[in-house]
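Asks: predicted structure and sequence below. I'll ask about it afterward.
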Amino acid sequence: MATLQLKNIVKQFGDIQVIKGVDLDVNDKEFVVFVGPSGCGKSTLLRIIAGLENATSGDITIDGRRINDIGPAERGLAMVFQSYALYPHMTVEDNMGFSLRLARVPKAERRDKVMAAARVLQLEELLERKPKALSGGQRQRVAIGRAIVRNPSVFLFDEPLSNLDAALRVQMRIELARLHDELNATMIYVTHDQIEAMTMADKIVVLQKGEVEQVGSPMELYHHPRNRFVAGFIGSPTMNFLPVEFQDSTHEGVQVTLPGGKTCRVPVDGTGVSVATSLELGIRPEHLNLQEDGPLSGRIQVIERLGGATSLYVQMDTGMVTVIADGDVAHKVGDVVRFGFEPVRGHLFRDDGLALTSLHQHPLTGIDRQSNRAPVEGSHS
Amino acid sequence: MNKPRTAGRTVGGLRPLALQGPAVTLLFLWMIVPLAMTIWFSLQRYNLLMPGMTGFAGLENYQYLFTDPALWTAMLNTLLLVGWVLVITVVGGTLLAVLFQQEFFGRGIARVLVISPFFVMPTVSALVWKNLMMHPANGVLAWVASLFGAEPVDWFSSLPMTSIVIIVAWQWLPFALLILLTAMQSLDEDQVEAARMDGAGPLSVFFFITLPHLKRAISVVIMIEMIFLLTVFAEIFVTTSGGPGLATTNLAYLIYIRALLDFDVGMASAGGVVAIVLANIVAIFLVRMVAKNLED
Ligand SMILES: Nc1ncnc2c1ncn2[C@@H]1O[C@H](COP(=O)(O)OP(=O)(O)O)[C@@H](O)[C@H]1O
Ligand SMILES: [Mg+2]
């Protein structure tokens, strides 16, 4: 059992406010991912939770108990560092058992616990080695093992996969998700990589410049971004933005004029929007379709063929847009293409960046990561 | 072996040898000529006060030397001096390195100040200690003692070896600190934080993280200091002149006494050879230790 609350956390380094009032609820056994561009304060926030940094103001509570003034070791958390931070002069076994040694746990018991963790991570063969004699992925696993041995109520990860190569990253991602199911623990995970966030999280917290932009499930963030920043940050390739003109607003949505003169009714709540408001249409590359009679058109500048899909970079009068098309499109650079989209896929953003609320809730927004995978043997239901 | 591969090689073959030749020869002569002369003199009857007595002496000089009680005293003094200075500088240097790694106001200036004794000439620092610090009448230490109503200590006559150790340690502490502070700065901050999360207090962090990290730097400090401390001379010459009696005579000073006070070149050379052998034993022992340390 571990729930964690942050209430109006502020962190200042000198005069610079790095965390500007963050509120957050982390539920028991939840996998929460903090995601945001480099320097937005993700690590700082995690370190505040860990107790390695003091919050300038605000409350941190675990299971209802305020822990601001409790030292890092007594909070019952374990952290995995980006640099692994293994103790270079100790063997893998000593690294993993260090916290128990400090807590004066008897040797035999210590060994049992280390062995148990090593078994979970398939590290049994490596227990006698020093960190220097391990590969990157193995070091990463030892660092995770060191956290497991402490049997913490909350696991904290600070970009744990960013030093691994791409293939290993995918593998460790799956392994971490498995571990989360197996240990039934609350985990908080920091990354700048939105793919890691999308694939692992029950709940994603998007941060920018020390502020929470949106909290929600991966599908909620993808289908219903609250503002232009989240819309651009989540999803790859990044969302296209087109300037559009407001025409009218009914209970069926907002009618806008697209670049090129055609119109389109996007099913969003247009209350308070008028002709004077400048609007931007957001549409994801994978939701643009090549159509003979599509409302939009442009000249292809670059084609990237990936086999299964093709990325077209199309120059319109108003700027460049990306279109993800079928792998078999025969277009060449320089061709003029027409394309369109289903109105329900469109997002409208006001000039202050906020999105107009969608009238249709996407059916998958409530889905969590658990329902995406086969149940682990031995776990509940 | 195929021909083309040898083209880019830099080892083996005649040409590299020819290129290395001059440097190696020069260094070899540089080392071998004084060494050979020392060994040669050590086997001669050669006393400047007795010009008539010359000729091959065989191992006579060594025989005199090894039966001379002064040699054993000097050896013991050498080891004592080296040992104590090493202990003080390494322990003190480590603690100071930890201290100076902390953030505090004026740290930059404090670092420069604490390292500055290393840049003072040994003769000068010995004179300063002798006349300003340890002088029984005018010295700072005597003045401090008088503040507490205590009898001033006549350092060089009542605690001669201690005084020399203090002076030499004062000079070498900055060196140890400099090396260890540099090593401290390469300590991964994440490791310390990981240890803190694992429940380590400041003492545990020091013993389990900092000290193992400094192990390498400490062995380097020990090796370098040892080489220089075996030949401490100026500090003794300026302050106690090896006395009272032989209380502060180390090997270097004994050789000086024999060669320049007794004018016995043969005997002094024999002492020199003994010193070389001793230094080499220590060096081999140490190089092994350091090499082993650097390996893992
Ligand atoms: N100890 C510190 N002193 C001053 N500024 C800091 C400190 N640690 C982090 N910062 C600043 O706080 C901001 C957020 O840093 P961080 O949390 O590391 O970002 P990231 O989201 O990339 O992990 C950065 O602008 C960084 O320069
Ligand atoms: Mg970071």
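Replies: Yes, it's here. Small disclaimer: the values here were computed from a predicted structure and weren't measured. Residues are numbered from 1 along each chain as shown, chains lettered A, B, ... in the order given. Ligands and ions are numbered 1, 2, ... in the order given.
Asks: only C-alpha atoms from now on, for both contacts and neighbour counts.
Replies: Will do.
Asks: list the contacts of B:Thr73.
Replies: B:Leu246, B:Ala247, B:Thr249, B:Asn250 (C-alpha atoms under 8 Å, 6 or more residues apart in numbering or on different chains).
Asks: could you dump those to TSV with distance to chain A, pLDDT and secondary structure?
Replies: Below are these laid out as TSV (distance: C-alpha to the nearest C-alpha, whole Å; pLDDT from 0 to 100; DSSP: H, G, I helix; E, B strand; the rest coil):
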residue	distance to chain A	pLDDT	secondary structure
B:Leu246	45	82	coil
B:Ala247	43	84	coil
B:Thr249	42	87	coil
B:Asn250	39	86	coil
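Asks: adding neighbour count, write these out as TSV.
Replies: Listed next are the contacts of B:Thr73 as TSV, based on neighbours: other C-alpha atoms under 10 Å in any protein chain shown:
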residue	neighbour count
B:Leu246	17
B:Ala247	17
B:Thr249	29
B:Asn250	28
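Asks: need those in TSV (columns: distance to A:Gly282).
Replies: Converted to TSV, the contacts of B:Thr73 look like this (distance: C-alpha to C-alpha, whole Å):
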residue	distance to A:Gly282
B:Leu246	92
B:Ala247	90
B:Thr249	88
B:Asn250	86
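Asks: out of those, flag the one nearest to A:Val105.
Replies: B:Asn250 (51.0 Å; C-alpha to C-alpha).
Asks: what's near enough to touch that closest one?
Replies: B:Thr73, B:Ala74, B:Met75, B:Leu76, B:Asn77, B:Thr78, B:Val232, B:Gly242.
Asks: the same query, at a cut-off of 7 Å, please.
Replies: Contact analysis of B:Asn250 by C-alpha atoms under 7 Å, 6 or more residues apart in numbering or on different chains lists B:Ala74, B:Met75, B:Asn77, B:Thr78.
Asks: I'd like to know which helix or strand in chain B has the lowest mean pLDDT.
Replies: Least confident helix or strand, chain B: helix B:3-7 with a mean of 48, by mean pLDDT, DSSP states H and E.
Asks: any low-confidence regions in the chain?
Replies: All of this is about chain A. Applying pLDDT under 70 to chain A flags the ranges A:1, A:368-381.
Asks: that's the wrong chain, I meant chain B
Replies: Across chain B, the ranges flagged by pLDDT under 70 are B:1-12, B:294-296.
Asks: tell me which residue in it sits closest to ligand 1.
Replies: B:Glu189 (11.6 Å; C-alpha to the nearest ligand atom).
Asks: show me where the stretch 101-250 of chain B has its helices.
Replies: Secondary structure of the stretch 101-250 of chain B (DSSP state H, counting those that start in this stretch): helices at B:107-115, B:122-128, B:140-147, B:155-158, B:160-185, B:189-197, B:202-204, B:211-229, B:234-239.
Asks: how about the residues of chain B near chain A?
Replies: Contact residues, chain B versus chain A (C-alpha under 7 Å from any C-alpha of the partner chain): B:Asp190, B:Gln191, B:Ala194, B:Arg196, B:Met197, B:Asp198, B:Gly199, B:Ala200, B:Pro212.
Asks: if we can go back for a sec, after the least confident helix or strand of chain B, which helix or strand is next?
Replies: With elements assigned by DSSP states H and E, the helix or strand that comes after helix B:3-7 is helix B:14-42.
Asks: tell me the buried residues in that next one?
Replies: Residues B:Leu35, B:Thr38, B:Ile39, B:Phe41, B:Ser42 are the ones in helix B:14-42 that count as buried (16 or more other C-alpha atoms under 10 Å in any protein chain shown).
Asks: how far does it sit from its chain's centre?
Replies: Between the centre of helix B:14-42 and the centre of its chain there are 25 Å (C-alpha atoms, centre = their mean, to the nearest Å).
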